[in-house]
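Asks: With the input below, show me the fold.
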Amino acid sequence: MAILNYITWTVNPVAFSIGPIEVRWYGLLLAFGFFFSYLTLSKIFKTENISQQLCDKLSIWTIVWTIVGLRLGHFLFYEPEYFTSLKGISEIILPIQDGQFVGYQGLASHGAVIAIISFLCYFAWKYKMNALWLLDRLSLVIPIAAGMVRIGNLMNHEIVGSITTVPWAFDFTLGGPGIAGTLRHPAQLYEACVYLLLFLAFFIYYFKFAKGKVPAGRATGLLLFVIFTARFIIEFFKEVQVSKEVGMTLDIGQKLSIPFIIIGLILLIYSIVKRDNIPVYKEINWQKDKAVKK
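Replies: Residues are numbered from 1 along each chain as shown. Predicted structure coming up:
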């Protein structure tokens with residue numbers, strides 16, 4: 001027997017306003033996601049006797065490259081035509097319509113992942129870290145930020161699911177033409193639940209069982225495999241994001257997810273076969289070394 005017929009979702013995407021400035025739930029949740037990820041990463045670094053200074057530097061630049069990757073990824077993968085003119089490029093950098101800043105609503109998680117991995121490989125090289133050690137530590141905290149982003153999408157009435165008759169269907173009343181008044185899968189919640197449960201599993205695994213001893217590639221492999229497998233499956237329950245996806249057997253998000261699923265599976269198998277390969281990082285005291293050289 002169905003408990004619910006459907007849920008009428010009427011939440012205002014704007015949390016509050018300060019004069020002409022609107023603060024949206026999406027931005028707040030993204031900020032909270034970064035903050036909670038940072039707190040957890042700080043705890044991980046403390047567990048492994050690594051300085052807060054290095055954690056802060058890593059966190060700040062990871063956040064910067066995440067945002068850059070989110071923004072550029074959307075246009076590279078979904079709307080590459082924007083790169084064909086100066087006007088289009090300017091709208092990517094500073095989206096303004098009718099003289100008003102409309103916010104960065106075109107974001108793609110696949111672009112963020114590519115940007116994060118690229119930056120972390122550079123960071124590992126610069127600070128003489130094992131790249132998999134660093135990727136594994138960031139992988140432990142990324143799911144909480146990813147989960148918050150999807151809850152932000154829910155608050156924005158965007159990235160909605162396909163039409164359905166399930167008793168937990170949502171009517172996204174502020175979803176715009178063709179969305180409001182229809183009953184749809186809350187696909188954002190499906191993804192958010194997967195990501196937040198993965199974060200909880202990682203938290204318990206690292207602090208209760210691993211205690212800093214993570215086989216190389218284990219967390220990164222699990223992150224990529226679980227998140228992008230979930231993304232691939234949940235895409236079947238989503239509305240298409242751009243018109244070019246209409247009629248596609250697999251949409252753009254699913255096609256982009258396949259390489260990450262494969263890479264994640266390879267890393268996961270590697271971490272099982274080479275389970276005794278547990279890299280550690282002994283931080284170099286850069287300031288002390290410089291003083292000795294002088």
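Asks: How about Phe146: what's its closest non-neighbour residue?
Replies: Check again: residue 146 is Ala, not Phe. Distance criterion C-beta to C-beta, 6 or more residues apart in numbering; nearest residue to Ala146, sequence neighbours excluded, is Tyr195 at 4.4 Å. For every residue, glycine as well, the C-beta is placed using N, CA and C.
Asks: just Ile234 next, same as before
Replies: The shortest distance from Ile234 to any non-neighbouring residue, by C-beta to C-beta, 6+ apart, is to Tyr190 (5.0 Å).
Asks: related to what we said a few turns ago, next one: the residue nearest to Ala146 from Gln52, what distance?
Replies: According to C-beta to C-beta, to the nearest Å, Tyr195 stands 26 Å off from Gln52.
Asks: Give me the more crowded residue out of the two.
Replies: A direct count of neighbours by other C-beta atoms under 10 Å for Tyr195 and Gln52 places Tyr195 higher, at 26 against 11.
Asks: Identify the residues contacting the more buried one.
Replies: For Tyr195, the contacting residues are 143-144, 146-147, 150, 227, 230, by C-beta atoms under 8 Å, 6 or more residues apart in numbering.
Asks: give me the element it is part of.
Replies: helix 187-204 (DSSP states H and E).
Asks: returning to what we had before: where does the residue nearest to Ala146 land on pLDDT?
Replies: With respect to pLDDT, Tyr195 has a value of 98.
Asks: send the alpha carbons of the helix holding Tyr195 over as PDB?
Replies: Extracted in PDB, the C-alpha atoms of helix 187-204 (Å, rounded to 0.1, in the frame of the first residue of the first chain):
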ATOM      1  CA  ALA A 187      16.900  11.900  -9.000                       C
ATOM      2  CA  GLN A 188      18.800  14.500  -7.000                       C
ATOM      3  CA  LEU A 189      17.900  12.700  -3.800                       C
ATOM      4  CA  TYR A 190      18.900   9.300  -5.200                       C
ATOM      5  CA  GLU A 191      22.400  10.600  -6.000                       C
ATOM      6  CA  ALA A 192      22.700  12.500  -2.700                       C
ATOM      7  CA  CYS A 193      21.800   9.400  -0.700                       C
ATOM      8  CA  VAL A 194      24.500   7.300  -2.500                       C
ATOM      9  CA  TYR A 195      27.200   9.900  -2.000                       C
ATOM     10  CA  LEU A 196      26.400  10.600   1.600                       C
ATOM     11  CA  LEU A 197      26.200   6.900   2.500                       C
ATOM     12  CA  LEU A 198      29.600   6.400   0.700                       C
ATOM     13  CA  PHE A 199      31.100   9.200   2.800                       C
ATOM     14  CA  LEU A 200      29.800   7.600   6.000                       C
ATOM     15  CA  ALA A 201      31.300   4.200   4.900                       C
ATOM     16  CA  PHE A 202      34.600   5.900   4.200                       C
ATOM     17  CA  PHE A 203      34.600   7.700   7.500                       C
ATOM     18  CA  ILE A 204      34.000   4.500   9.500                       C
END
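Asks: what comes up buried for it?
Replies: 187-192, 194-196, 198-199, 202-203 (16 or more other C-beta atoms under 10 Å).
Asks: try stretch 30-48
Replies: Here stretch 30-48 shows 30, 33-34, 36-38, 40-42, 44-45 as buried, counting by 16+ other C-beta under 10 Å.
Asks: Format those residues as a markdown table; extra columns: distance to Glu79.
Replies: Converted to a markdown table, these look like this (distance: C-beta to C-beta, whole Å):
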| residue | distance to Glu79 |
| --- | --- |
| Leu30 | 21 |
| Gly33 | 25 |
| Phe34 | 25 |
| Phe36 | 31 |
| Ser37 | 28 |
| Tyr38 | 31 |
| Thr40 | 34 |
| Leu41 | 33 |
| Ser42 | 37 |
| Ile44 | 37 |
| Phe45 | 38 |
